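Enquirer: this one's sequence-less:
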């Protein structure tokens, strides 16, 4: 993604994301959610990981019940320009 976006733009996009898209029986909902998540991950590459985690995890805390939140927290790290799962993330 070559366009310059602000952290506020990123936060708006994150807040609009459907966290539970993967649980939908509707294929179009899944496809849209998957594409949106990819776009969010591409946008996130422009910002410090601390900001990305803070914004994403605050959204998780605001919209999901406590018992499922850990499954949705940001657990990715950027390695050679690609997001990979952080094995040290709790």
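Expert: Noted; the coordinates are in hand. Because the structure is predicted, anything quoted here is derived from the model rather than measured.
Enquirer: pLDDT score for residue 88?
Expert: Reading off the per-residue confidence, residue 88 sits at a pLDDT of 80.
Enquirer: so it sits in a strand?
Expert: No - when classified by DSSP: H, G, I helix; E, B strand; the rest coil, residue 88 is found to be coil rather than part of a strand.
Enquirer: distance check, it against residue 24.
Expert: Counting by CB to CB, to the nearest Å, the separation of residue 88 from residue 24 is 31 Å. C-beta: built from backbone N, CA, C; applies to glycine.
Enquirer: so which of the two has more stuff around it?
Expert: Ranked by neighbour count (other CB atoms under 10 Å), residue 88 and residue 24 place residue 24 first, with 14 against 7.
Enquirer: helices or strands next to the longest helix seen in the chain in the packing?
Expert: Scanning the chain for the longest helix, with DSSP state H as the assignment, gives helix 27-44. Packing contacts for helix 27-44, counted by 3 or more CB pairs under 8 Å, 6 or more residues apart in numbering; DSSP states H and E, involve helix 7-16.
Enquirer: try it again at 6 Å.
Expert: In this structure, helix 27-44 makes packing contacts with no helix or strand, judged by 3 or more CB pairs under 6 Å, 6 or more residues apart in numbering; DSSP states H and E.
Enquirer: average pLDDT for whichever helix or strand comes after that helix?
Expert: Note on helix 27-44: by DSSP states H and E, the next helix or strand toward the C-terminus is helix 49-63. Averaged over helix 49-63, pLDDT sits at 97.
Enquirer: okay, buried residues for the next helix or strand after helix 49-63 please.
Expert: Following the chain from helix 49-63 toward its C-terminal end, the next helix or strand by DSSP H and E is helix 69-72. Residues residue 72 are the ones in helix 69-72 that count as buried (16 or more other CB atoms under 10 Å).
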